[in-house]
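K.L.:
pasting a predicted model and its sequence here:
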Amino acid sequence: MAREFNVSTGNATLQGSLMLVFLHSSGAPAFNIEILRWWCGQAANATSAQQFIRIESQVTSFPTLTSATPASLKRQDANVSTLVGSTNGFAGTAGVNSSTDNAGSKTQILDDAFNVLNGWLQVPTPPETIVAPAGYASGVGMRTPTSVATTTGWAFGCQFREV
């Protein structure tokens, strides 16, 4: 059975152009992290506005996050994720809604834009999925590279598989 998990938050207040979700694979036990879905949207107002969104990897100096423990999507699976909720972005951790992104080197993987009234959903086909190998030095995350117009009422997350 696939080990699939969800990391998300809702009704969040953002603090600028920062990391929304950040996952960093663990070296032990050795599971790769395959991203199945990213999403982001806001419910604080009805004003149309375009927003940039980016998927990227980050190494060395990781974001400072709100701890987020992955929830199992396969409710009958007794296994918990190899990732644990943490605020530091180190290997083997998951977090959301950073308060600072720190100075770690970032590599852009995907850039996009969306209207905040519609939200953003990225569901890659199998050949397009991002896989962070076990023990990988970089974490992978979704961030807003520009400040959001409305900072309140945001919901965002990521679904992933441990393979």
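P.N.:
Received the coordinates, thanks. Numbers count the residues shown, from 1 in each chain.

K.L.:
what's the offset of the helix or strand containing residue 20 from the middle of its chain?
P.N.:
Following DSSP states H and E, one finds residue 20 within strand 19-24. Remark: strand 19-24 is offset 4 Å from the chain centroid, using C-alpha atoms, centre = their mean, to the nearest Å.

K.L.:
show me the contacts for the most centrally placed residue in the chain.
P.N.:
With distances taken as C-alpha atoms, centre = their mean, the residue of the chain nearest its centroid is residue 21 (2.6 Å). Counting by C-beta atoms under 8 Å, 6 or more residues apart in numbering, residue 21 touches 7-8, 38, 68, 94-96, 141-142, 156-158. (Each C-beta comes from the backbone N, C-alpha and C, glycine too.)

K.L.:
and of those, the nearest to residue 117?
P.N.:
Distance ranking of the contacts of residue 21 against residue 117, using C-beta to C-beta, places residue 156 first at 15.4 Å.

K.L.:
sheet-wise, list the partners of the one helix or strand the closest one maps to with their directions.
P.N.:
Per DSSP H and E: residue 156 is located in strand 154-162. Using DSSP bridges, strand 154-162 pairs in its sheet with strand 3-12 (antiparallel), strand 33-42 (antiparallel).

K.L.:
let's have those strands in a markdown table, adding distance to residue 116 and mean pLDDT.
P.N.:
Output for the strands paired with strand 154-162, formatted as a markdown table (distance: least, C-beta to C-beta, whole Å; pLDDT from 0 to 100):
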| stretch | distance to residue 116 | mean pLDDT |
| --- | --- | --- |
| strand 3-12 | 14 | 96 |
| strand 33-42 | 5 | 97 |
